[in-house]
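J.: Need coordinates for the below:
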Amino acid sequence: MKRKNFYILLDLSIEPPEKDLKKIETAVKKKQTEWSRLLNHPTKGIKAKQFISLIPEIQKVMADPELREKEAIGAKKLLEKENQYKFLTIDRQLSIFLSKGAVTSREIQKLVKRHSVETDEILKWMLKKEKEAVSRTSASKPPLKKADKLKTIISKLGARLRKGNAANKEISKPAAPQKIDIKGILKWIKYPIRSKNDGVPEKPKTIDPSIIKAINMNLKIVRKSSLYDFLNLSAGSNLETLKSHAEKKRTEMLNLSKKDAEATAGSTLTGHCLTIFSNEKTRTAYDDARGRHFLESLNSDIEMAEMDGVIRSEYFEAIASNAVEFGMDYKKACDHIETYCREKKWKSKSKRKRNRLLVIGAAAISCILIVSIGSTALLSILETRRLSKEYEGVIAKVKIQKKLEKKKKVLTEYVKSHEKNDFTEKAEKEIQTLSNKIIMRNSRDEKDYKAALAKAADENANQNYEKSGAVYETYLKRYPNGIHADEFSKKRSEIPALIDNRDFQTIKTLSKKDYEKILEACTSYLANHPKGRHRDEITILIAKMEKPYYGFLKKKIALNEKNKNWKECIGLCEQYFKHFQGGHYFNELKGVQYFFKKQLENRMELEKLIRKAEKKGASMESAKKIYSDYLKANPNSPIKYDVRKRLKKNSN
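T.: The predicted model follows:
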């Protein structure tokens with residue numbers, strides 16, 4: 001089994017890939033600590049041990065620029081694979097929305113809510129798909145041969161053909177875009193084709209639902225959508241190819257040295273592949289089960305396509321086409337969509353309904369149109385509708401773009417690629433509006449940039465880097481995509497290092513005998529710079545200061561002890577504990593501090609007794625009684641000698 005990618009294992013940044021060796025080493029140490037804690041865990045201990053054994057290899061790979069780059073490329077590929085699986089359903093539902101030519105912001109928000117993803121994630125995915133489509137279109141590929149076109153058509157109808165359920169009408173649907181006559185396709189199909197008079201086909205063999213459930217659970221573990229996907233083949237692949245790939249997969253699974261959840265799931269799925277793809281009947285049964293399972297996804301697609309209680313005709317057709325590719329009968333798929341919509345009290349606008357209406361009233365409508373507006377006017381209306389729909393798609397694409405320049409580019413490309421019409425004129429007006437906005441924004445941007453640059457320079461000259469950082473931040477919030485955004489982003493990213501260096505240099509300028517200031521500055525540095533460049537130097541400096549600082553404190557403590565300034569003595573001990581928790585003199589000073597606290601308590605108790613005696617006023621007898629009563633009640637009190645002195649004084 002292949003080892004886990006080190007970028008992913010260490011939770012390092014992949015986009016862009018982390019290259020800072022200090023950060024990488026920190027991540028390794030952090031993970032090593034985490035794995036060490038798990039060594040005795042009943043279920044995670046084995047993996048933790050495996051990961052710890054990889055540390056020498058991790059350090060070797062991540063320290064070598066060439067090997068590290070390969071690791072980063074591998075991490076990106078794995079990330080893309082994860083996204084492919086994550087966006088499997090989203091992509092299918094996006095294709096439904098795109099069937100009308102464009103996706104609206106409302107539709108995107110519906111996807112965001114349903115799949116718990118960020119708007120940016122979907123927009124980036126759409127842009128990625130658009131770039132892929134453009135690159136495929138622009139690539140100069142030779143036209144497909146007839147044989148390749150036929151294979152594509154048969155692959156799309158694979159499940160339906162194998163069941164013997166496919167009708168001529170179903171075959172003609174995928175054949176139309178390839179411009180191949182249906183008779184040419186029928187020669188290539190070895191399965192029986194159903195006609196209108198054949199009636200209901202024989203029910204195929206079924207697979208136990210518990211087996212299908214187990215297959216689907218294991219597919220989730222390996223992040224695959226079907227057994228075909230598990231073998232990296234299309235659903236239209238022939239039986240021999242499926243058998244061959246299943247055998248190869250079995251060999252691959254047997255050669256695995258390490259076992260984990262994915263490996264166990266893979267072995268189980270390989271066994272299912274060998275059984276299910278052993279003959280056409282069991283394969284057809286699996287396809288049928290996939291079709292039934294797809295009904296859940298089909299209902300999800302219908303709910304996604306609903307807008308204001310209506311399913312558009314384009315969406316209806318897209319959903320039905322997806323169902324056919326999963327092995328469902330086109331008519332049954334349409335019936336299911338219509339039934340589901342009726343239950344939800346939604347209107348469904350299918351071409352099927354429209355065709356029925358057209359058949360009923362085609363002649364009458366044609367006569368009315370010819371008489372009322374003429375054929376030329378009709379063509380004009382249809383063309384206007386087409387252009388309007390296309391322009392709506394362009395505007396939707398414009399709204400997706402964040403930068404004004406990109407919005408302008410989309411509209412400019414639209415104008416250049418079309419002859420002048422009402423919609424290109426609208427686009428030109430919008431281009432002019434955007435151009436004015438860009439000019440105004442750039443003018444404000446340049447003015448604010450110069451002011452911010454001057455202000456930041458003044459602050460930097462006085463080493464007020466926090467204030468200059470705030471200046472950069474304010475500019476970037478106002479102009480996140482501004483002309484100078486990259487420059488200020490870079491300057492802002494340099495601020496922590498400048499503050500770090502300034503604080504360290506400040507410590508170096510302090511007098512070596514000014515222990516208190518140095519220690520306060522060092523403690524402050526460690527608190528403010530948890531990942532500071534000079535942390536090790538500061539830690540060593542603090543350690544070196546412990547002995548001389550202790551000597552300095554001891555002298556001050558002795559002086560205050562002589563004057564019985566117990567509070568000051570206690571505070572001086574606290575100063576040591578603050579900077580040297582668990583230091584060499586910690587226990588000694590703890591004991592001394594305890595003595596000072598007791599002395600302070602005794603003095604406070606004596607002062608309390610004196611105040612009580614003095615409250616009685618001039619009566620000496622009352623004061624004497626208070627002191628006498630205290631000594632009788634507390635014969636062993638630490639302040640008994642002081643109390644006796646007071647009693648003697650009052651007696652005289």
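
J.: Could you check how many residues crowd around residue 49?
T.: 13 (other C-beta atoms under 10 Å). C-betas here are computed from N, CA, C, even on glycine.

J.: my guess is it contacts residue 39, does it?
T.: Yes - the pair residue 49 / residue 39 is scored as a contact, 6.3 Å apart, by C-beta atoms under 8 Å.

J.: For the stretch 251-400 of the chain, just list every one of the strands.
T.: Here the stretch 251-400 of the chain has its strands, by DSSP state E, counting those that start in this stretch, at 310-311, 347-348.

J.: chain center to the first one, what's the gap?
T.: Here the centre of mass of C-alpha atoms in strand 310-311, compared against the chain's by C-alpha atoms, centre = their mean, to the nearest Å, lies 32 Å away.

J.: Can you list the helices and strands that that strand packs against?
T.: strand 347-348 (3 or more C-beta pairs under 8 Å, 6 or more residues apart in numbering; DSSP states H and E).

J.: I'd like to know which elements the strand it packs on is packed against.
T.: In terms of contacts (3+ C-beta pairs under 8 Å, 6+ apart), strand 347-348 is packed against strand 310-311, helix 330-344.

J.: and among those, the most buried is which?
T.: strand 310-311 (a mean of 19; mean count of other C-beta atoms under 10 Å).

J.: and that one, average pLDDT?
T.: Mean per-residue pLDDT for strand 310-311: 87.

J.: ditto for stretch 222-233
T.: Stretch 222-233 shows a mean pLDDT of 86.

J.: First residue to last residue on that stretch, what's the distance there?
T.: Distance across stretch 222-233, first residue to last, is 15 Å (C-alpha to C-alpha, to the nearest Å).

J.: quick one: contacts of it?
T.: 81-82, 85, 88, 215, 219, 234-235, 237, 241-242, 245-246, 249, 262, 265-266, 269, 272-273, 276-277, 286, 290 (C-beta atoms under 8 Å, 6 or more residues apart in numbering).

J.: Centre of the chain to stretch 83-101, how far?
T.: Counting by C-alpha atoms, centre = their mean, stretch 83-101 comes out at 19 Å from the chain centroid.

J.: Dump the C-alpha coordinates for it into PDB.
T.: What follows is stretch 83-101, C-alpha atoms only, in PDB (Å, rounded to 0.1, in the frame of the first residue of the first chain):
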ATOM      1  CA  ASN A  83     -12.800  17.500  -4.700                       C
ATOM      2  CA  GLN A  84     -13.900  15.300  -7.600                       C
ATOM      3  CA  TYR A  85     -15.700  13.000  -5.200                       C
ATOM      4  CA  LYS A  86     -17.000  15.900  -3.100                       C
ATOM      5  CA  PHE A  87     -18.500  17.600  -6.100                       C
ATOM      6  CA  LEU A  88     -19.900  14.500  -7.800                       C
ATOM      7  CA  THR A  89     -23.500  15.400  -6.900                       C
ATOM      8  CA  ILE A  90     -23.000  19.100  -7.200                       C
ATOM      9  CA  ASP A  91     -21.500  18.700 -10.700                       C
ATOM     10  CA  ARG A  92     -24.500  16.700 -11.800                       C
ATOM     11  CA  GLN A  93     -27.000  19.300 -10.400                       C
ATOM     12  CA  LEU A  94     -24.900  22.100 -11.900                       C
ATOM     13  CA  SER A  95     -25.300  20.400 -15.300                       C
ATOM     14  CA  ILE A  96     -29.100  20.500 -14.800                       C
ATOM     15  CA  PHE A  97     -29.000  24.300 -14.200                       C
ATOM     16  CA  LEU A  98     -26.600  24.800 -17.200                       C
ATOM     17  CA  SER A  99     -29.000  23.000 -19.500                       C
ATOM     18  CA  LYS A 100     -30.700  26.500 -20.000                       C
ATOM     19  CA  GLY A 101     -27.300  28.100 -20.800                       C
END
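
J.: low-scoring stretches of the protein, by residue?
T.: 1-2, 84-86, 133-205, 258-259, 293-294, 296, 325-329, 351-380, 616-618, 652 (pLDDT under 70).

J.: Could you count how many residues lie near residue 519?
T.: Neighbour count of residue 519, defined by other C-beta under 10 Å: 22.

J.: Quick check: it vs residue 335, distance?
T.: When C-beta to C-beta, to the nearest Å is the yardstick, residue 519 and residue 335 sit 82 Å from each other.

J.: So what does residue 479 look like in phi/psi?
T.: Backbone torsions for residue 479, taken as degrees, to the nearest 10, come to phi -130, psi 70.

J.: show me what contacts the residue nearest to it when sequence neighbours are not counted?
T.: Excluding its sequence neighbours, the residue lying closest to residue 479 (C-beta to C-beta, 6 or more residues apart in numbering) is residue 445, at 5.2 Å. By C-beta under 8 Å, 6+ apart, residue 445 lies in contact with 479, 482-484.

J.: Residue 602 versus residue 641, what's the distance?
T.: Shown here: residue 641 relative to residue 602, a distance of 11 Å by C-beta to C-beta.
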